[in-house]
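Undergrad: Next one to model:
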Amino acid sequence: MKKFSALFLVLILVAGCLCPAFAAGGPQKPEITGNGPYCYLNVGDEVHLWVDAESKDGGTLTYQWYSTTVDDITTIRAIDSATSKEYSYKATKGGITYFCCGVWNNINGAQSEPVYSRLIMVWISPLTPVIDSTGPDVHMKVGSETGVWCHATVGEQGTLTYQWYKTNVNDITTIKAITCANSSDLDLKQDYAEVAYYCCGVWNNINNRQSDPVYSRLIRVEFFDPEPAMPVITATVPDCHLETGKEVPLWVDAETTDGGTLTYQWYSTTANDISTIKAIIGAEGKEYKFNDNNTGVTYYCCGVWNNRDGRQSAPAYSRLIKVEIFSNEPEPPEVETVQAIEIMEMPNKLEYKDGEALDLKGLKVRVLTNLGFFDLNDGEKITATQPDYNNPGTQIIILSYEGVSDTFEITVKAKEAPHPDPTPDPNQNATPDPNQNMTPDPNQNTDPVDPNKGGENKSASYLPYVCAAAGLVIGGAAVYFITRKKK
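TA: The predicted structure follows:
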């Protein structure tokens, strides 16, 4: 019974000791009582870092070491496997590194908030130098002398060494070392145009040990040909739409990149094509003003040259500026011009005999003009060729009107053969020969010819002669009786 009472008292004492800890919200933060000093090492040396801490409530302490390259505890990063109160670090390169240790208090699986030691600075010699400044970018004429430079410092006693590098692209990973370029400055002189980039590597050297290098920025060096740079046209007057007689105000703005002097020449063309421009005599300023009384559209542009050291650049041309001149006066009516004629209806007569004149009655011709058309009827105002009766058959008749023509065909018939003339010759003697025997031949058939048989009636052919003779006899008798009566 006494043993049981003693054990109960022990439990009460333990509970009394633990209750304040749990009442405070878990294990208390540990207290750091000391840590290692700042260290100064050479590359290859090893340093032993340590921290002392204690628990106020009997807990177990755990550790984690951190490092950073700047004097700012907010930038620390945990070091793998560095989880004891001591940490050994071997210096592999020059520079300054800061270390600190975080400590936790642990009781029955519960862990307190950490507490951190101060930052312990470890200075490893030789330190990497710091580049304070470099020379500016360089823009020089071919053949000129120039140089680049680099200034560096280091926070300890040491000797700085240098190496210059060059590349033709703006990329430090492509640099190549320049032979015998081992000082803080580099003299340059070239007889050809080039753009190159230079940088300088700097090392710190102490006791036959050398720091890691530090590199300057890339310094751009341009050697340019003294040929003046082509100017840059920055603005031109907008397109113009003006009434005849108004002043046309053309202008252009341009600038140079090398301080040269600009000269100007204005050009014009009627086509929207810069290859067709022609120089305007006397138009040689950045502005060109003139009056134009001719309506229409003209395009203008300005050529600009850069002049420096007695040399002239290639020209830069402005855009084509459209200038449209218009008139408020009414335009004169358009003059009607004949373009073609077309036969709409053929003439009534298309067949001709020898000697017949061309007849265009019934012909309908349509006259086509720039303003429309109108019709001409029956050959009105039309000029036409005539039929050729020496060449019977189909012929082409050409119709003409104010310089234009159309054609149609006619048929010309051949001439008819001539018929014999039945009229007697008036010079022939119709008086019967008295010596001629008028006694009819008893053997001759004197019967009238039957007209149905196609024979000839000979008595009918003598009838005129008989009548003439009878007339003469009667006339003579009449003259005789009248003469006797008067006696």
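Undergrad: For residue 131, give its distance to residue 182.
TA: 16 Å (Cβ to Cβ, to the nearest Å). For the C-beta atoms, the positions are set from N, CA and C on the backbone; glycine is no exception.
Undergrad: ok, these two, which is more surrounded?
TA: residue 131 (17 against 13; other Cβ atoms under 10 Å).
Undergrad: which residue ranges form the strands in the stretch 301-450 of the chain?
TA: 311-312, 316-317, 321-326, 338-345, 351-352, 364-369, 372-377, 383-384, 393-401, 404-412 (DSSP state E, counting those that start in this stretch).
Undergrad: Determine which of those strands approaches residue 147 most closely.
TA: Closest approach to residue 147 among these (Cβ to Cβ): strand 311-312, 26.8 Å.
Undergrad: related to what we said a few turns ago, so which of the strands of the stretch 301-450 of the chain gets nearest residue 152?
TA: strand 311-312 (41.9 Å).
Undergrad: So what touches the closest one?
TA: Identification of contacts with strand 311-312 by Cβ atoms under 8 Å, 6 or more residues apart in numbering yields 226, 227, 228, 263, 305, 306.
Undergrad: do that again at 10 Å, thanks
TA: In this structure, residues lying in contact with strand 311-312 by Cβ atoms under 10 Å, 6 or more residues apart in numbering are 225, 226, 227, 228, 260, 261, 263, 305, 306.
Undergrad: before we move on, the earlier item: as CSV, the strands of the stretch 301-450 of the chain with distance to residue 115 and mean neighbour count would be great.
TA: Output for those, formatted as CSV (distance: least, Cβ to Cβ, whole Å; neighbours: other Cβ atoms under 10 Å):
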stretch, distance to residue 115, mean neighbour count
strand 311-312, 76, 13
strand 316-317, 72, 16
strand 321-326, 79, 17
strand 338-345, 110, 14
strand 351-352, 137, 14
strand 364-369, 111, 17
strand 372-377, 109, 13
strand 383-384, 127, 14
strand 393-401, 121, 14
strand 404-412, 116, 15
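Undergrad: Turn these into TSV, including mean pLDDT and distance to residue 250.
TA: Output for the strands of the stretch 301-450 of the chain, formatted as TSV (pLDDT from 0 to 100; distance: least, Cβ to Cβ, whole Å):
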stretch	mean pLDDT	distance to residue 250
strand 311-312	88	23
strand 316-317	96	14
strand 321-326	92	6
strand 338-345	92	41
strand 351-352	90	72
strand 364-369	93	42
strand 372-377	92	43
strand 383-384	92	55
strand 393-401	92	50
strand 404-412	92	47
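Undergrad: Turn the ones you listed into a markdown table, columns for distance to residue 148.
TA: Compiled in a markdown table, the strands of the stretch 301-450 of the chain are given as follows (distance: least, Cβ to Cβ, whole Å):
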| stretch | distance to residue 148 |
| --- | --- |
| strand 311-312 | 28 |
| strand 316-317 | 33 |
| strand 321-326 | 46 |
| strand 338-345 | 80 |
| strand 351-352 | 109 |
| strand 364-369 | 83 |
| strand 372-377 | 84 |
| strand 383-384 | 95 |
| strand 393-401 | 91 |
| strand 404-412 | 85 |
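Undergrad: Tell me which of the ones you listed sits nearest to residue 252.
TA: strand 321-326 (8.7 Å).
Undergrad: Give the partner strands of that closest one in its sheet and their orientations.
TA: With DSSP bridges as the criterion, the sheet partners recorded for strand 321-326 are strand 240-243 (parallel), strand 296-308 (antiparallel).
Undergrad: Deepest-packed of these, please.
TA: strand 296-308 (a mean of 20; mean count of other Cβ atoms under 10 Å).
Undergrad: just how off-centre is that strand within its chain?
TA: Taking the mean of its C-alpha atoms, strand 296-308 sits 20 Å from the chain's own mean (Cα atoms, centre = their mean, to the nearest Å).
Undergrad: now stretch 131-149
TA: 41 Å.
Undergrad: What mean pLDDT does that stretch get?
TA: In this model, stretch 131-149 has a mean pLDDT of 92.
Undergrad: what's the span of it, first residue to last?
TA: 11 Å (Cα to Cα, to the nearest Å).
Undergrad: Equivalent analysis for stretch 132-149, please.
TA: First-to-last distance for stretch 132-149 - Cα to Cα - comes to 11 Å.
Undergrad: which SS class is the closest residue to residue 93 other than its chain neighbours?
TA: Using Cβ to Cβ, 6 or more residues apart in numbering and skipping residues adjacent in sequence, the residue nearest residue 93 is residue 212, 5.3 Å away. Secondary structure for residue 212, judged by DSSP: H, G, I helix; E, B strand; the rest coil, is coil.
Undergrad: what's the neighbour count on residue 212?
TA: Residue 212: 15 neighbours (other Cβ under 10 Å).
Undergrad: got a list of what it touches?
TA: Counted by Cβ under 10 Å, 6+ apart, residue 212 has contacts 43, 92, 93, 94, 95, 126, 127, 128, 129, 203, 204.
Undergrad: Among the residues you listed, which are located in helices?
TA: With helices taken from DSSP state H, there is no overlap with the contacts of residue 212.
Undergrad: so can I have a markdown table of those showing distance to residue 360 and neighbour count?
TA: Below are the contacts of residue 212 laid out as a markdown table (distance: Cβ to Cβ, whole Å; neighbours: other Cβ atoms under 10 Å):
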| residue | distance to residue 360 | neighbour count |
| --- | --- | --- |
| 43 | 124 | 19 |
| 92 | 122 | 10 |
| 93 | 119 | 14 |
| 94 | 121 | 25 |
| 95 | 119 | 18 |
| 126 | 123 | 25 |
| 127 | 121 | 19 |
| 128 | 116 | 19 |
| 129 | 116 | 24 |
| 203 | 116 | 21 |
| 204 | 120 | 28 |
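Undergrad: mind checking how far residue 366 is from residue 58?
TA: 129 Å.
Undergrad: got it, and residue 95?
TA: For residue 95, the distance to residue 58 - Cβ to Cβ - is 42 Å.
Undergrad: Likewise for residue 227?
TA: Distance of residue 227 to residue 58, computed by Cβ to Cβ: 88 Å.
Undergrad: Those two: which is more packed in?
TA: Counted by other Cβ under 10 Å, residue 227 and residue 58 do not tie: residue 227 has more neighbours, with 16 against 12.
Undergrad: Who are the contact partners of that one?
TA: Applying Cβ under 10 Å, 6+ apart, the residues near residue 227 are 142, 193, 258, 306, 308, 309, 311, 312, 313, 314.
Undergrad: One more pass at 8 Å, please.
TA: 311, 313.
Undergrad: what's the answer for the one 10 residues further on, then?
TA: Taking Cβ under 8 Å, 6+ apart, we find residue 237 in contact with 249, 250, 251, 252, 321.
Undergrad: switch the cut-off to 6 Å
TA: Going by Cβ atoms under 6 Å, 6 or more residues apart in numbering, residue 237 touches 250, 251.
Undergrad: quick one: pLDDT of it?
TA: Residue 237 is given a pLDDT of 92.
Undergrad: quick one, phi psi at it?
TA: Backbone torsions of residue 237, given as degrees, to the nearest 10, read phi -60, psi 150.
Undergrad: and the gap between it and residue 264?
TA: From residue 237 to residue 264 the distance is 13 Å (Cβ to Cβ).
Undergrad: And residue 55, by the same measure?
TA: With Cβ to Cβ as the criterion, residue 55 and residue 264 are 90 Å apart.
Undergrad: so how many other residues sit close to the residue nearest to residue 356 when sequence neighbours are not counted?
TA: Spatially, and ignoring its direct neighbours in sequence, residue 356 is nearest to residue 387 (7.4 Å; Cβ to Cβ, 6+ apart). A total of 19 residues lie near residue 387 under the criterion other Cβ under 10 Å.
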